[in-house]
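# based on what follows, work out the 3D shape:
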Amino acid sequence: MTLKVNIKKQLNAFLLNVNFTVENGTFAILGASGCGKSMTLKCIAGVEKPDSGHIELDGKVFFDSDKRIDLPPQKRHAGYLFQNYALFPNMTVWENIAFVIEGNKEYKDELTQENIVRFHLRGLENDYPCSLSGGQQQRVAFARILAAQSKLLMLDEPFSALDSYLKWQLELELGELLDKYNKTTLFVSHNRDEVYRLCSRIAVMNNGEIEAISDKHGIFEDPQTLTAAILTGCKNNSRAHKVNAHSLYAEDWQLQLSVNQQIPDDLSYVGFRAHFFEPKSTQQQVMNCFRAQVLKVIEDTFSYIIMVRPYGTEGRPLRWELDKAEWLRLREKPLFLTIPENKLILLKK
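All right, here's what the predicted structure looks like:
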């Protein structure tokens with residue numbers, strides 16, 4: 001299945017302007033709240049109408065402003081899991097699932113029962129949504145979408161309302177289902193860890209537009225833009241300018257750094273992930289090594305977060321994350337840190 005989306009929609013001062021293509025597999029749209037992720041899904045599902053553009057799935061046109069095509073949601077066969085699950089409150093669990101299945105009663109009953117079992121809903125068939133927990137409601141919503149045998153599956157922040165333990169259990173189950181689904185899935189989230197674990201390709205959305213798109217390894221290793229770096233969890237980012245072909249100055253950190261790649265002329269920022277620092281006991285003749293002044297030590301659940309800056313500067317603190325045993329070994333000694341040349345991330349605005 002191939003999904004092609006090229007649409008525009010004006011919402012007061014906000015302009016949604018997206019253009020992307022998705023092949024089979026799980027494709028994520030990663031972005032902050034209010035960037036246009038959910039509106040994109042609603043336009044694909046037919047819940048909202050774009051102002052202009054084209055949407056098609058495997059050659060079937062859902063929307064085309066030039067040709068005046070706008071299929072109603074029920075003819076798009078696109079399963080859409082809303083953030084609030086959107087279960088029918090006056091229907092039981094069984095009725096919610098059976099409602100979306102086309103066919104005779106025998107076939108409906110068979111497929112409904114199959115999804116009741118698949119999503120561990122036995123014993124809840126006659127319950128109404130108001131009596132279900134958040135996790136149970138989500139299972140019903142998943143069951144209803146898969147029972148509809150949709151050609152396209154769209155999940156809008158599916159774990160946002162769940163506690164961490166239940167979220168992990170459902171993520172495992174969803175991962176298994178998506179592996180077997182073998183069709184196109186769009187997964188919208190602001191959580192970089194969920195996206196990385198569940199999706200093969202990722203698009204970063206910012207202010208209504210797709211800023212970067214790549215396979216998941218590429219988007220984390222080379223996010224391209226400042227927004228993409230932040231959304232993929234890069235905690236250390238500084239304004240930067242090019243000094244020469246392989247050297248830059250990080251203005252906020254007050255550091256000149258060497259890089260093992262050609263620095264582009266349009267460099268605006270540099271990023272560095274917090275777990276890539278290499279500690280040294282003495283200052284060594286290696287690139288990007290500096291004596292670190294420890295400003296604050298924050299104990300996290302299973303690690304320490306150390307806020308540092310180069311001695312003799314007043315730059316923005318850098319964040320260093322390391323496991324507890326390593327910090328306890330290093331904390332009483334003079335601290336020198338190296339930023340490996342191949343771990344610096346060169347970014348556009």
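# mean confidence for the longest strand along the chain?
If you go by DSSP state E, the chain has its longest strand at strand 289-299. Averaged over strand 289-299, pLDDT sits at 96.
# ditto for stretch 205-219
On average, stretch 205-219 scores 95.
# domain assignment for this structure?
As assigned by the TED database, the chain contains the domains 3-229, 234-347.
# now the helices for the chain?
For the chain, the helices defined by DSSP state H cover 37-45, 93-98, 105-118, 134-147, 164-181, 192-198, 216-221, 226-231, 324-330.
# weakest of these by average pLDDT?
Mean pLDDT is lowest for helix 164-181 among the helices of the chain, at a mean of 81.
# from Leu166, how far off is Phe302?
Per CB to CB, to the nearest Å, Phe302 is found 21 Å from Leu166. To be clear about C-beta, it is placed using only N, CA and C from the backbone, and glycine gets the same treatment.
# look at the two and report which has more neighbours.
More crowded of Phe302 and Leu166, by other CB atoms under 10 Å: Leu166, with 16 against 7.
# tabulate the CA atom coordinates of stretch 255-269 in CSV.
Taking C-alpha atoms only, stretch 255-269 is exported to CSV below (Å, rounded to 0.1, in the frame of the first residue of the first chain):
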residue,chain,number,x,y,z
LEU,A,255,33.7,26.4,22.7
GLN,A,256,35.6,26.0,19.4
LEU,A,257,35.2,22.5,18.2
SER,A,258,36.6,20.3,15.5
VAL,A,259,34.4,18.2,13.3
ASN,A,260,35.3,15.2,11.2
GLN,A,261,33.1,16.2,8.3
GLN,A,262,32.8,19.2,5.9
ILE,A,263,30.9,22.0,7.7
PRO,A,264,28.2,23.5,5.4
ASP,A,265,28.1,27.3,4.9
ASP,A,266,24.5,27.4,6.2
LEU,A,267,25.3,26.0,9.6
SER,A,268,23.1,27.6,12.3
TYR,A,269,23.3,25.3,15.3
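# list the contacts of that stretch.
The contact list for stretch 255-269 (CB atoms under 8 Å, 6 or more residues apart in numbering) reads 226, 229, 237-250, 270, 287-288, 290, 310, 313, 315, 339, 341-342, 344, 346-349.
# just the buried members of the residues you listed?
Among the contacts of stretch 255-269, those scoring as buried are 226, 229, 237-240, 242, 248-250, 270, 288, 290, 310, 339, 344, 346-348 (criterion: 16 or more other CB atoms under 10 Å).
# show me those residues that map onto strands.
Counted as lying in strands by DSSP E, out of those, are 237-240, 242, 248-250, 270, 290, 310, 346-347.
# going by distance to Thr21, which of those wins?
Within these, proximity to Thr21 (CB to CB) peaks at Leu347, which comes in at 24.9 Å.
# return the set of residues that bridge with the residue nearest to that closest one when sequence neighbours are not counted.
Closest residue to Leu347 apart from its sequence neighbours, by CB to CB, 6 or more residues apart in numbering: Tyr269 at 4.0 Å. Beta-bridge pairing of Tyr269 under DSSP bridges involves Arg239, Leu347.
# burial count for Tyr269?
Tyr269: 23 surrounding residues under other CB under 10 Å.
# could you measure from Gly315 over to Cys35?
According to CB to CB, Gly315 and Cys35 sit 30 Å apart.
# quick one: distance of stretch 323-343 to the chain centre.
Distance of stretch 323-343 from its chain centroid, counting by CA atoms, centre = their mean, to the nearest Å, is 30 Å.
# what's in contact with it?
Residues contacting stretch 323-343 (CB under 8 Å, 6+ apart): 255, 257-261, 272-273, 276-284, 286-292, 294, 297, 299, 302-304, 306, 308, 320.
# mark which of those residues are buried, thanks.
255, 257-259, 272-273, 276-277, 279-280, 288-290, 292, 303-304, 306, 308, 320.
# contacts only, for Cys130.
Counting by CB under 8 Å, 6+ apart, Cys130 touches Pro89.
# please read the previous query as pertaining to Ile210.
When contacts are counted by CB under 8 Å, 6+ apart, Ile210 is found next to 18-20, 203-204.
# and what of Val270?
By CB under 8 Å, 6+ apart, the residues touching Val270 are 237-238, 240, 248, 250, 257, 344-347.
# any idea how far the nearest residue to it once chain neighbours are set aside is from Asn206?
In this structure, Val270 finds its nearest non-sequential neighbour in Ala240, 4.1 Å apart by CB to CB, 6+ apart. Using CB to CB, we find Ala240 at a distance of 19 Å from Asn206.
# one more: Ser281?
For Ser281 relative to Asn206 (CB to CB), the value is 42 Å.
# equivalent analysis for Leu170, please.
Here the criterion is CB to CB. By it, Leu170 lies 28 Å from Asn206.
# quick check, Val294 in contact with Ile306.
Yes. Val294 lies in contact with Ile306 (CB atoms under 8 Å); the separation is 6.1 Å.
# isn't Arg319 up against Tyr304?
No. Assessed by CB under 8 Å, Arg319 is found out of contact with Tyr304, at 10.9 Å.
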